[in-house]
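Trainee: model this:
(chains A and B)
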2 protein chains.
Amino acid sequence: MRSMSSQETPVLDPRADIVDLTAAIVDIASVSGQERVLADAVELALRTHAPHLEVLRDGDTVIARTHRGLSRRVLLAGHLDTVPIADNLPSTRRHRDGREELVGRGSCDMKGGVAVFLALAVEADAAPVDLTWIFYDHEEVAAADNALTRLAAERPELLEADFAILGEPTSAAVEGGCKGTMKLEVTARGVAAHSARDWVGDNAIHRLAPVLERLAAHESRRAVIDGLEYRECLNAVGISGGIAGNVIPDRATALLNYRFAPDTTVVQAEAFVRELLAGLDLEITVTDAAGGALPGLDSEAAQEFLAALGEDVPVAAKQGWTDVARFSALGTPAVNFGPGDPLLAHTDDEHVPVADLELALRGLRRFLTR
Amino acid sequence: MRSMSSQETPVLDPRADIVDLTAAIVDIASVSGQERVLADAVELALRTHAPHLEVLRDGDTVIARTHRGLSRRVLLAGHLDTVPIADNLPSTRRHRDGREELVGRGSCDMKGGVAVFLALAVEADAAPVDLTWIFYDHEEVAAADNALTRLAAERPELLEADFAILGEPTSAAVEGGCKGTMKLEVTARGVAAHSARDWVGDNAIHRLAPVLERLAAHESRRAVIDGLEYRECLNAVGISGGIAGNVIPDRATALLNYRFAPDTTVVQAEAFVRELLAGLDLEITVTDAAGGALPGLDSEAAQEFLAALGEDVPVAAKQGWTDVARFSALGTPAVNFGPGDPLLAHTDDEHVPVADLELALRGLRRFLTR
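Mentor: Predicted coordinates for the structure are as follows:
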C-alpha cells in the first residue's frame, strides 16, 4: 500500500484497513529529527483525501482543522517521531497467545494512534464538534525541541480547543490527565581524608544515609481526582560518590525523581521534597520540572467523549507525564487515548495488538460520528 | 652533584650533605615501571662506596648486605618508585613558616628515606648487627607487581631478618606495624520499573539505605597493641546506581573499605563486616584484602632501635597499610621510620622538611653506630 510519488513522498491510504495503514506508517522510519518524509506523507494524504480540512504545515508538524462554526472544538494530537530503531523495522505481524500483533519501532508509541487519527481525520467530515488534528515532531527528545513547545509559543491559536485527546498508548482505555515530574540533585558535602584515618575526614556518602532512609520509609500520597487515583512516586533514580578506594569522599550525590499528583504545583512539589529532607545538611537543586495535568473529566466535552466510548472502556489516571500537561497548562482538559500497552513503548519488542487498533478506531469513531 | 657516567648512569655521592643527596635522588625521575636508571645509580653508588657490602641486583631492585656473623640481622627497605610526576620535578628548595623544605615528586614518599638509607649503608660498616639494605621497585602500584612480592616468592632468604625498618614517611617518628585493609563490593538488587509506577518495581538504591545507616552509626574499635592505638575505619568509599532519570534502578552498589587493627585476621575482618550487615538482602564480595602488621615492639631488636632513637622520638601506631605487613607476614617485626609527613605523599605539593631528613639520619645513625 506504500509507493513513491514523483517527489518521493510515500503515499498513505487513510481508508485502508487500520492494520495496513498502521504498518505503512510504521514502515516510514521517523526517528526524532527525521520526521520530514512521514510528515510529507501525512500532509499529502490529508490534502488528497480530506477536502473538508484546512491543512497547514509548520516545520515537520501537520495541522488539519475544520471550521464549521460549531460550539466546541476538540483537538486530537499524535507525535510522528519514534525513539531510535533497534533492528525492529520494517514491521512484521505475528500471532501470539491467541492474538494478532503488529511488531516494530513506533507501532506502540505511537503510530497506532497516528493511524487511527489519520483514518478518522479523513472519515469524520460531519463530526458534532469542530476538530483540530495535529501530527507533530520531536516528542521523544528534549521538551525544548518538542513541536508543541514551538506552537504554544509561536502559534498558540492552533492549539485552542475545549478538549484534547492525545493518542499516546493506553491499551485503548482512557487515561486522564497525568502526574507532574521533577528531578532534583541532592548533594552531601564532607571532608576528604585517607580511608585509614577517617576521623580527620567526614564521609559524604554516609551523609546520604538519612536521605535514602527517608525516601525508603516515605509512604507516597494517593490523590483521587475526578474519581481517578494518581499514585505519587518519590525515588532516588541515581546515586554517585567516591574518589578512590582509599579516600573518604568529600561529595556524594543522589538524583531524585518526584512524580506528583496533578493537584500539586511544581512549587508545592519542590517544597514537599525540601520538607521531607529538612534538617539535613544538603544542597538540593531542582534540575527539571514539569507540572501535571488535571483530568478535567467533568468538562462537557470530556463527558461526551466518555459517553460515546461507552461504559466498557476503562477510565484511569495517567501515571506517566505526557504532552497532555501542555494542554492542561493552556487550560484545556486533556486525556490520553490510544492503542498499545504503554509499558512496551521504547522496548525492542515494541508492538501493538490488532484488537487495540480496532478498539481505538471504533471508540473514537463513535465520538466523532454521533 | 649529579653527573653522567659513560653508561649514562647518574652518579650519586652517598657522603654528600643529606639534603643534596635527597635532591639528587628526587631529580632522577622514577615513576613506577621506570626505576631502572635510579636503581642503576644506587647500585653504582653502593659498589663504589661500600666495599663492606655484598651488592645484588634483582630486576630493578638493589640488595646490599653485610655478612659479619653477628647474632641479629636488621633489614632496612625503601622503595625507589614514585607516583606520576605532577609538574613537580626537578626538585626545588624553599623556606616556609620558618623551615627549609625540599619540594618535588618523591621527596616525601619516599626518596628522603632512600637517601638516609643510602648514606648509612655506606657509612655503617661496623654496626652492632648484620644489615640488609633493600632499594626496591613497584611499590606504588598493584601488590602483585611489588618487588617484595617477587622476592618473598623467589628469593625469600634475602628478606630474612630479626627486625625490619621501612623508610616510609613518618615525620621521623616511629610508627609501629600497620592496620590491615579490605575492600568489599556490596550490591543490592531490585526490580526495574518506570519511575512514574514505582509500585511495580523495587528500588535498589533505597535498599542501600540500611547499609549506609549502619556504616554511619558504626563506632569503630580502637585496639591498643604494645601501647599503640590502632583506630579501625569502616567506610563507604564509593557508591553507584541508576539507569536513567525515569527508571527505578534494579541494582546499586556500595564500595566499602575496612581498615582493621593488626590483631584481626583477614577472615575475621570479613566476618565482622558481614555481621554488621546481617539480615540485609545484599551480595557482599571481598575484592581485595591484606592483613595488617603487629608492631612487635617488644622484640629485642625493636627495643634496641627505640633505645637508640631516644625518648624524644614519638612512637605511634601506623594507621595506613604499608609494606611492613609483608615482613610481619614473614614473622619479622617491622616499623615505619622515615622523613616527611605521610599526609603529603602523592600530593602535588609533596615536600620534605630538611629538619626531618637530618632527624631521621641522626636517629638511625645512633642505632647503627652504637
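
Trainee: from here on, contacts and neighbour counts on C-alpha atoms
Mentor: Fine.

Trainee: and the strands in the stretch 51-200 of chain A?
Mentor: Under the criterion DSSP state E, counting those that start in this stretch, strands of the stretch 51-200 of chain A are mapped to A:54-58, A:61-65, A:73-79, A:92-96, A:99-103, A:130-136, A:163-166, A:174-176, A:180-189, A:193-194.

Trainee: weakest of those strands by average pLDDT?
Mentor: Set side by side, the strands of the stretch 51-200 of chain A differ in mean pLDDT, and strand A:193-194 is lowest with a mean of 90.

Trainee: on contacts alone, who are the packing partners of that strand?
Mentor: Packing contacts for strand A:193-194, counted by 3 or more Cα pairs under 8 Å, 6 or more residues apart in numbering or on different chains; DSSP states H and E, involve strand A:247-248.

Trainee: quick one: is the strand it packs on near chain B?
Mentor: Yes - contact of strand A:247-248 with chain B (Cα under 8 Å from any Cα of the partner chain) involves A:247-248.

Trainee: ok so, going back, using JSON lines, lay out the strands of the stretch 51-200 of chain A together with mean neighbour count and distance to A:Asp263.
Mentor: Below are those laid out as JSON lines (neighbours: other Cα atoms under 10 Å in any protein chain shown; distance: least, Cα to Cα, whole Å):
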{"stretch": "strand A:54-58", "mean neighbour count": "15", "distance to A:Asp263": "33"}
{"stretch": "strand A:61-65", "mean neighbour count": "22", "distance to A:Asp263": "31"}
{"stretch": "strand A:73-79", "mean neighbour count": "25", "distance to A:Asp263": "23"}
{"stretch": "strand A:92-96", "mean neighbour count": "12", "distance to A:Asp263": "40"}
{"stretch": "strand A:99-103", "mean neighbour count": "19", "distance to A:Asp263": "37"}
{"stretch": "strand A:130-136", "mean neighbour count": "25", "distance to A:Asp263": "27"}
{"stretch": "strand A:163-166", "mean neighbour count": "25", "distance to A:Asp263": "19"}
{"stretch": "strand A:174-176", "mean neighbour count": "25", "distance to A:Asp263": "13"}
{"stretch": "strand A:180-189", "mean neighbour count": "22", "distance to A:Asp263": "9"}
{"stretch": "strand A:193-194", "mean neighbour count": "18", "distance to A:Asp263": "46"}
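
Trainee: distance of the residue nearest to the spatial centre of chain A from A:Glu168?
Mentor: Residue closest to the mean C-alpha point of chain A, counted by Cα atoms, centre = their mean, is A:Thr322 at 3.1 Å. Separation of A:Thr322 from A:Glu168 (Cα to Cα, to the nearest Å) stands at 8 Å.

Trainee: contacts made by the lowest-mean-pLDDT helix or strand in chain A with the rest, please.
Mentor: Among the helices and strands of chain A, strand A:193-194 carries the lowest confidence by mean pLDDT, DSSP states H and E, at a mean of 90. With contact meaning Cα atoms under 8 Å, 6 or more residues apart in numbering or on different chains, strand A:193-194 is reached by A:200-202, A:246-249.

Trainee: drop anything exposed from these.
Mentor: A:201-202, A:246-249 (16 or more other Cα atoms under 10 Å in any protein chain shown).

Trainee: pick out the most distant pair among these.
Mentor: Of all pairs drawn from these, the greatest distance, 13.8 Å, lies between A:Asp202 and A:Asn246 (Cα to Cα).

Trainee: what residues does the stretch 51-200 of chain A have near chain B?
Mentor: Close to chain B, as judged by Cα under 8 Å from any Cα, the stretch 51-200 of chain A has residues A:179, A:183, A:195-198.

Trainee: apply 10 Å and report the result again.
Mentor: Neighbours of chain B within the stretch 51-200 of chain A, by Cα under 10 Å from any Cα of the partner chain: A:178-184, A:193-199.

Trainee: which one of those is nearest chain B?
Mentor: Chain B lies nearest to A:Ala196 out of those, by Cα to the nearest Cα, at 5.1 Å.

Trainee: name the nearest residue to the closest one, sequence neighbours excluded.
Mentor: If the residues on either side of it in the chain are set aside, A:Ala196 comes closest to B:Gly320, at 5.1 Å by Cα to Cα, 6 or more residues apart in numbering or on different chains.

Trainee: host element of that neighbour?
Mentor: Here B:Gly320 sits in a region with no helix or strand, counting by DSSP states H and E.

Trainee: residues in contact with A:Gly361?
Mentor: Not Gly; residue A:361 is Leu. Shown in contact with A:Leu361 (Cα atoms under 10 Å, 6 or more residues apart in numbering or on different chains): A:18, A:112-113, A:115-117, A:119-120, A:172, A:338-339, A:355.

Trainee: among the residues you listed, who's most crowded?
Mentor: Counting neighbours by other Cα atoms under 10 Å in any protein chain shown, A:Gly112 comes out on top of the contacts of A:Leu361 with 36 neighbours.

Trainee: any idea how far A:Gly241 is from that residue?
Mentor: 43 Å.
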